[in-house]
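>>> show me the folded form of this:
(chains A and B)
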Amino acid sequence: GQQLNQSPQSMFIQEGEDVSMNCTSSSIFNTWLWYKQDPGEGPVLLIALYKAGELTSNGRLTAQFGITRKDSFLNISASIPSDVGIYFCAGQGAQKLVFGQGTRLTINP
Amino acid sequence: DAGVTQSPTHLIKTRGQQVTLRCSPKSGHDTVSWYQQALGQGPQFIFQYYEEEERQRGNFPDRFSGHQFPNYSSELNVNALLLGDSALYLCASRYRYNEQYFGPGTRLTVT
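Residues are numbered from 1 along each chain as shown, chains lettered A, B, ... in the order given. Got it, this is the predicted structure:
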């Protein structure tokens, strides 16, 4: 099925470091979303972006909706142990979400 | 305010059997979507229900069918189960065209 290109696939960082991940698409989306998924759980919505160029923050998380509407990035500042998990970007079409492959974040204390 | 709920949490079925998964949307939401998530992959869209009708369908065979009830809850049915149907099945709900919220999922294992 259709999928977004998300990178990196995995990250191994030290606690306190900043994290950056991005997502690109060959198609335009009018809404971009970022989710976090813990093992055995459903994705939890972190940030939703609705306008091209929009920069939105949620605590230590900051995400931007690319000007071309074909990309988005997510930054996490000053990482803490509970940030561990898999982060997914998703582009929202009229009905469905199209997801990236995920970025697995591992933090060394 | 209850979020999206799904049942059962886990189940194990044999090839060829049929299964029904259930979803109750978040309060105030009227649209339900179903996704299949294979291990190590992002969720893949199966279909969406609004006003008790299937509105859009992903690239899944007719063995996958669904239903939405007047109270907005939904069921996903899978017939003639294959080993490849083993996955986490996620339900997501939203109000009209707003962002989607996911339930905890149902882990289906086909043996």
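
>>> B:Tyr50: how many residues sit nearby?
A total of 17 residues lie near B:Tyr50 under the criterion other CB atoms under 10 Å in any protein chain shown. All C-beta atoms are positioned from the backbone trio N, CA, C, and that covers glycine.

>>> partners of it in the sheet?
The partner list for B:Tyr50 in beta bridges (DSSP bridges) reads B:Thr31, B:Glu53.

>>> can you pull the contacts of it?
The neighbourhood of B:Tyr50, defined by CB atoms under 8 Å, 6 or more residues apart in numbering or on different chains, consists of B:Asp30, B:Thr31, B:Val32, B:Gln68.

>>> just B:Phe60 next, same as before
Contact partners of B:Phe60, counting by CB under 8 Å, 6+ apart, are B:Gln36, B:Ile46, B:Phe47.

>>> relative to A:Val19, how far out is the first one?
Noted for B:Gln36: a distance of 28 Å to A:Val19, by CB to CB, to the nearest Å.

>>> cool, A:Gln64 as well?
Look at A:Gln64 and A:Val19: by CB to CB, they are 14 Å apart.

>>> host element of whatever residue of chain A ends up closest to chain B?
At 3.2 Å from chain B, A:Phe99 is the closest residue in chain A, using CB to the nearest CB. Following DSSP states H and E, one finds A:Phe99 within strand A:97-99.

>>> and that strand, what does it pack onto?
Packed against strand A:97-99 by the contact rule (3 or more CB pairs under 8 Å, 6 or more residues apart in numbering or on different chains; DSSP states H and E) you find strand A:85-92, strand B:44-50.

>>> so can I have JSON lines of those showing distance to A:Lys70 and mean pLDDT?
JSON lines is the format used below for the helices and strands packed on strand A:97-99 (distance: least, CB to CB, whole Å; pLDDT from 0 to 100):
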{"stretch": "strand A:85-92", "distance to A:Lys70": "9", "mean pLDDT": "96"}
{"stretch": "strand B:44-50", "distance to A:Lys70": "19", "mean pLDDT": "96"}
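
>>> can I get those in TSV with distance to B:Thr14?
Output for the helices and strands packed on strand A:97-99, formatted as TSV (distance: least, CB to CB, whole Å):
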stretch	distance to B:Thr14
strand A:85-92	30
strand B:44-50	22
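
>>> any idea which of those gets closest to B:Gly16?
Counting by CB to CB, B:Gly16 lies closest to strand B:44-50 out of the helices and strands packed on strand A:97-99; the figure is 20.2 Å.

>>> next, the residue positioned nearest the centre of chain B: secondary structure please.
Nearest residue to the geometric centre of chain B (CA atoms, centre = their mean): B:Trp34, 3.4 Å. Look at B:Trp34: counting by DSSP: H, G, I helix; E, B strand; the rest coil, its state is strand.

>>> burial of B:Phe47, as a residue count?
Close neighbours of B:Phe47, defined as other CB under 10 Å, add up to 21.

>>> identify the residues contacting it.
B:Ser33, B:Trp34, B:Glu54, B:Arg55, B:Gln56, B:Arg57, B:Gly58, B:Phe60, B:Phe64, B:Gly66.
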